[in-house]
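Participant: Below are the sequence and a predicted model for it; my questions follow.
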Amino acid sequence: MMALSPATAEKFIADNTALVRPPHVPEIRLHLAHEAHELWLRTEEELAEIGLPPPFWAFAWAGGQGLARYVLDHPETVRDRHVLDFASGSGLVAIAAAMAGAAGTVAADIDPFCEAAIRLNTNANGVSVTFTGNDLIGSDQGWDVVLAGDVFYDASFAGRLVPWFETLAARGATILVGDPGRSYLPRTGLEKLAVYEVPVTRALEDSDVKRTTVWRFG
Ligand SMILES: C[S@@+](CC[C@H](N)C(=O)[O-])C[C@H]1O[C@@H](n2cnc3c(N)ncnc32)[C@H](O)[C@@H]1O
């Protein structure tokens, strides 16, 4: 991976994205890739060749859009509570939590571009969140609510998340997951809270709309 200064990351994001409203959460504006940008056209293999991880932060994933929608429509879920948006990507769900009145919001993502992307995106929406690039899996910093949009797409990632979420839920944290039917979503121990039809990008998904469920874990 190339060394990444904040200025380099911000320039890369400015050059490769546009400030747009994700269709299911139009209250929020994000710097996202779209057809006009080269980033959109590059495959994961091409990005790897130039030392870039896949730009998850440049898309508003179906799971994140559903979860952000739920948080904005049910602000009591996060109001006056300490919130972690785990695997924050663009910061979409963290921004929704901050808008809905969370007492404090931490956005966590291990992708080094996310710090700059989330800074630009929170600024665009007039909210502030705290970013961490640490891998928080297995830790507990006393969050009241843990939000996770679109995280069950990879077997080993899901295998680490499930016991962590179970431990946090067992000590009383509210764990909410937004998921459009990814392969590694646990089959048991989830309570369905809401279902949305979320417009997505056909180039990333296999359809124009993804049925997305907000689940409560444990
Ligand atoms: C599909 S994206 C979802 C982004 C956002 N939540 C959304 O729904 O738009 C998955 C994200 O998980 C992040 N991720 C993967 N492993 C992680 C870890 N151990 N800790 C934090 N984030 C992680 C990736 O960098 C990526 O940004």
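Facilitator: That came through, no problem. None of the values given here were measured: they were computed from a predicted structure. Numbering: from 1, shown residues only.

Participant: could you say which helix or strand contains the residue of the chain found nearest the ligand?
Facilitator: Sorted by distance to the ligand under Cβ to the nearest ligand atom, the residues of the chain start with residue 64, at 2.1 Å. Any C-beta I mention is one placed from the backbone N, CA and C, and that applies to glycine too. Secondary structure assigned from DSSP states H and E places residue 64 in helix 62-73.

Participant: Quick one: name whatever helix or strand follows that helix.
Facilitator: Secondary structure here is assigned by DSSP H and E; on that basis, the next helix or strand after helix 62-73 toward the C-terminus is strand 82-86.

Participant: Could you give the separation of that next one from the chain centroid?
Facilitator: Going by Cα atoms, centre = their mean, to the nearest Å, the spacing between the C-alpha centre of strand 82-86 and its chain's C-alpha centre is 11 Å.

Participant: Over stretch 58-75, what's the mean pLDDT, rounded is fine.
Facilitator: Confidence over stretch 58-75, taken as the mean pLDDT, stands at 97.

Participant: If we go by neighbour counts, what in that stretch is buried?
Facilitator: Along stretch 58-75, these residues count as buried under the neighbour rule (16 or more other Cβ atoms under 10 Å): 58-72.

Participant: Ok, stretch 185-198 next?
Facilitator: Taking 16+ other Cβ under 10 Å as the criterion, stretch 185-198 shows 185-186, 190, 193-194, 196, 198 as buried.

Participant: Quick check: mean pLDDT of it?
Facilitator: Per-residue pLDDT values over stretch 185-198 give a mean of 96.

Participant: That one and the ligand, any residue contact?
Facilitator: No. With Cβ under 6 Å from any ligand atom as the criterion, the ligand is not reached by stretch 185-198; the gap is at least 10.3 Å.

Participant: Could you list the residues in contact with that stretch?
Facilitator: The contact list for stretch 185-198 (Cβ atoms under 8 Å, 6 or more residues apart in numbering) reads 23-24, 62, 65-66, 69-70, 152, 158, 162, 166, 176-177, 179-180, 209-218.
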